[in-house]
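> sequence and predicted structure below; questions after.
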Amino acid sequence: MSEQPPIETPSASQTILVVDDELALTKLCKRILEEAGFTVLHADGSSDALKLCTQHEGPIDLLLTDLVLPPPGFQLASSTNQFPHVHGHELAIRAVRIRKDLRVILMSGNVEQELAGYGIRRGLLPFLPKPFEPKVLVSLVRQTLHAPAPSVENLTEKPPGLVRPSDEWVG
């Protein structure tokens, strides 16, 4: 009888925050990641995610967020709103400011257009194109958790000549 190699499982302290405006995708990611042994928090949008990053007492090790997070009831932003509605890349920047050791994975269904539209260079953050296979999601999450956390400076670096669309909305 041959022995099976042990399955690599994350420690109980590894918590993933999933943010997507599509409830079905959020539930799918939650199920896949929980089956892989992770603790999963979820937020309906960037505002809720920023509240969780600020108020959650336990660890949040990784943010998995959609790049495009449309706000409910679109309005221009107010600088006084502590938890504004922002797109996924801006959410990543703000979340890393709140939680310095946070790793980030962006996901989207329209990779090149959306990255370029927000002035994001490919390779800046791990990227998960939609649709994806469950094993690809779990593998990328594990790889990202073993990589160094991004710095705010790296996330805010803009290629010359690119103008980003408005980052914030308030609902």
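Everything's here; your move. Numbers count the residues shown, from 1 in each chain.

> residues in contact with the closest residue to residue 131 other than its chain neighbours?
Nearest non-adjacent residue to residue 131, counting by CB to CB, 6 or more residues apart in numbering: residue 109, 7.4 Å away. C-beta coordinates here come from the backbone N, C-alpha and C atoms, glycine included. Shown in contact with residue 109 (CB atoms under 8 Å, 6 or more residues apart in numbering): 129-131.

> now do the same end-to-end measure for stretch 36-50.
Stretch 36-50 has an end-to-end distance of 25 Å (criterion: CA to CA, to the nearest Å).

> and that stretch, average pLDDT?
In this model, stretch 36-50 has an average pLDDT of 92.

> just the buried residues of it, please?
Buried residues in stretch 36-50, counted by 16 or more other CB atoms under 10 Å: 36, 38-43, 45-50.

> do I have it right that residue 67 meets residue 86?
No. Counting by CB atoms under 8 Å, residue 67 sits too far from residue 86 to count as a contact (11.0 Å).

> so residue 127 bridges to which residues?
residue 106 (DSSP bridges).

> do a quick rundown of the helices in the protein.
When assigned using DSSP state H, the helices of the chain occupy the ranges 23-35, 46-55, 88-98, 111-117, 134-146, 152-156.

> buried set for the fifth one?
The neighbour-count check on helix 134-146 (16+ other CB under 10 Å) flags 137-138, 140-142, 144-145 as buried.

> who touches that helix?
The set of residues external to helix 134-146 that reach it, using CB under 8 Å, 6+ apart, is 8, 10, 14, 16, 29, 32-33, 36, 38, 61-62, 64, 103-105, 126, 128.

> tell me what angle that helix forms with helix 23-35.
Calculated by axes from the mean of the first three to the mean of the last three CA atoms, to 10 degrees, helix 134-146 forms an angle of 70 degrees with helix 23-35.

> offset the numbering so it begins at 32, please.
Got it, first residue is 32 now, which makes that one helix 165-177.

> quick check: mean pLDDT of helix 165-177?
For helix 165-177, the mean per-residue pLDDT is 97.

> for that helix, C-alpha coordinates in PDB please.
Taking C-alpha atoms only, helix 165-177 is exported to PDB below (Å, rounded to 0.1, in the frame of the first residue of the first chain):
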ATOM      1  CA  PRO A 165     -11.700  26.500  -9.300                       C
ATOM      2  CA  LYS A 166      -8.200  24.900  -9.200                       C
ATOM      3  CA  VAL A 167      -6.800  28.100 -10.900                       C
ATOM      4  CA  LEU A 168      -8.400  30.300  -8.200                       C
ATOM      5  CA  VAL A 169      -7.000  28.200  -5.300                       C
ATOM      6  CA  SER A 170      -3.600  27.900  -6.900                       C
ATOM      7  CA  LEU A 171      -3.300  31.700  -7.500                       C
ATOM      8  CA  VAL A 172      -4.500  32.500  -4.000                       C
ATOM      9  CA  ARG A 173      -1.900  30.100  -2.500                       C
ATOM     10  CA  GLN A 174       0.900  31.600  -4.700                       C
ATOM     11  CA  THR A 175      -0.100  35.100  -3.800                       C
ATOM     12  CA  LEU A 176      -0.200  34.400  -0.100                       C
ATOM     13  CA  HIS A 177       3.400  33.200  -0.300                       C
END
